[in-house]
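Enquirer: 3D, please:
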Amino acid sequence: MSQTTLATSRWTDLANPTRFVALANAVVPWLAGLTAIVLAVGLWLAFTAPEDYQQGITVRIMYIHVPFAWLAMMCYSIMAISAIGTLVWRHPLADVALKAAAPIGAVFTALSLITGSIWGKPMWGTWWVWDARLTSVFVLFLMYLGLIALTRALDDPSRSARAAAIVTLVGFVNIPIIKFSVDWWNTLHQPASVMRLDGPTIHPSLLWPLLTMALGFTLLFFTLHLMAIRTEIWRRRVAAMRRVSARRADRKAD
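Expert: Residues are numbered from 1 along each chain as shown. Sure thing, here's the model as predicted:
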């Protein structure tokens with residue numbers, strides 16, 4: 001069997017909800033344990049890292065705020081890929097992955113806004129300003145809420161999947177706006193200091209705790225996402241069984 005055929009076979013296997021649930025059951029405990037270890041190490045590094053010469057101890061909120069912001073955008077990017085899977089390849093689990101990710105993304109975005117406000121108060125002298133970065137992230141939060149509402153408002157699964165996929169792809173234009181807003185407009189946020197073509201500008205003593213926390217929260221996201229996908233598959237199975245039972249009851253009544 002060729003490598004291409006083998007990869008296609010594995011992709012098809014994962015499209016089977018039963019096999020995906022079995023895989024999630026096996027992976028989630030290990031992933032959760034790894035997440036706990038990495039986050040514990042990251043927190044230890046964050047609390048033992050030196051204070052910033054300008055921001056002092058308040059710089060420590062960076063170790064949770066920045067990962068929250070990164071994951072808010074990463075989660076929506078995964079939803080956009082899932083939307084393509086729904087519209088183009090009609091992958092059975094693409095819509096499930098999209099809908100399972102939306103509440104997680106909404107929480108990460110809300111935490112990003114909250115921690116950013118807490119960090120901004122001593123640094124900028126205000127909790128909130130309507131600059132390009134803050135406004136675009138707030139729009140992202142509203143988009144998450146809108147998608148959650150949309151998926152719950154439509155009873156027809158196929159219509160709900162298609163509508164959510166289209167809205168997700170249209171809203172993806174906001175992700176590069178968030179990323180490059182500090183370069184395109186004059187904002188209170190500093191320019192990118194980690195993901196730069198010429199390398200990070202942040203000192204290694206602050207960079208390594210930040211990257212460790214980002215890895216830990218990324219693992220946390222995938223752990224929660226797998227659990228949410230598994231729960232959504234079970235929910236749809238229960239809903240399908242209830243519809244079948246209701247039809248049988250109607251037939252008996254007739």
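
Enquirer: contacts, neighbours, all on C-alpha from now
Expert: Noted.

Enquirer: the nearest residue to Leu154 once chain neighbours are set aside: what secondary structure?
Expert: The spatially closest residue to Leu154, leaving aside those adjacent along the chain, is Ser160, at 5.4 Å (C-alpha to C-alpha, 6 or more residues apart in numbering). Assigned with DSSP: H, G, I helix; E, B strand; the rest coil, Ser160 falls in the helix class.

Enquirer: next: the one 4 residues further on.
Expert: Here Ala164 takes the helix state, with states given by three-state DSSP.

Enquirer: ok, it to Asp95 distance?
Expert: From Ala164 over to Asp95 the distance is 8 Å, taken as C-alpha to C-alpha, to the nearest Å.

Enquirer: spit out the residues that contact those two alike.
Expert: Taking C-alpha atoms under 8 Å, 6 or more residues apart in numbering as the contact criterion, the common neighbours of Ala164 and Asp95 are Ala83.

Enquirer: the residue sitting nearest the centre point of the chain: what's its closest spatial neighbour, skipping adjacent residues?
Expert: For the chain, the residue lying nearest the average C-alpha position, counting by C-alpha atoms, centre = their mean, turns out to be Cys75 (2.4 Å). In space, not counting the residues next to it along the chain, Cys75 is nearest to Gly105; the distance is 5.5 Å by C-alpha to C-alpha, 6+ apart.

Enquirer: can you list the buried residues in the helix or strand containing the one you found?
Expert: Taking DSSP states H and E as the definition, Gly105 sits inside helix 94-124. When neighbours are counted by 16 or more other C-alpha atoms under 10 Å, the buried residues of helix 94-124 are found to be 94-113, 115-120.

Enquirer: ditto for stretch 18-25
Expert: Judged by neighbour count using 16+ other C-alpha under 10 Å, the buried positions of stretch 18-25 are 20-21, 24.

Enquirer: among those, which one sits closest to Lys252?
Expert: Lys252 lies nearest to Val21 out of the buried residues of stretch 18-25, by C-alpha to C-alpha, at 33.9 Å.

Enquirer: helix or strand right after whichever strand or helix holds Val167?
Expert: Using DSSP H and E, Val167 maps to helix 157-171. Later in the chain than helix 157-171, the nearest helix or strand by DSSP H and E is helix 174-184.

Enquirer: mind listing what's buried in that following helix?
Expert: By neighbour count, with 16+ other C-alpha under 10 Å as the criterion, the buried positions of helix 174-184 are 174-175, 177-179, 181-182.
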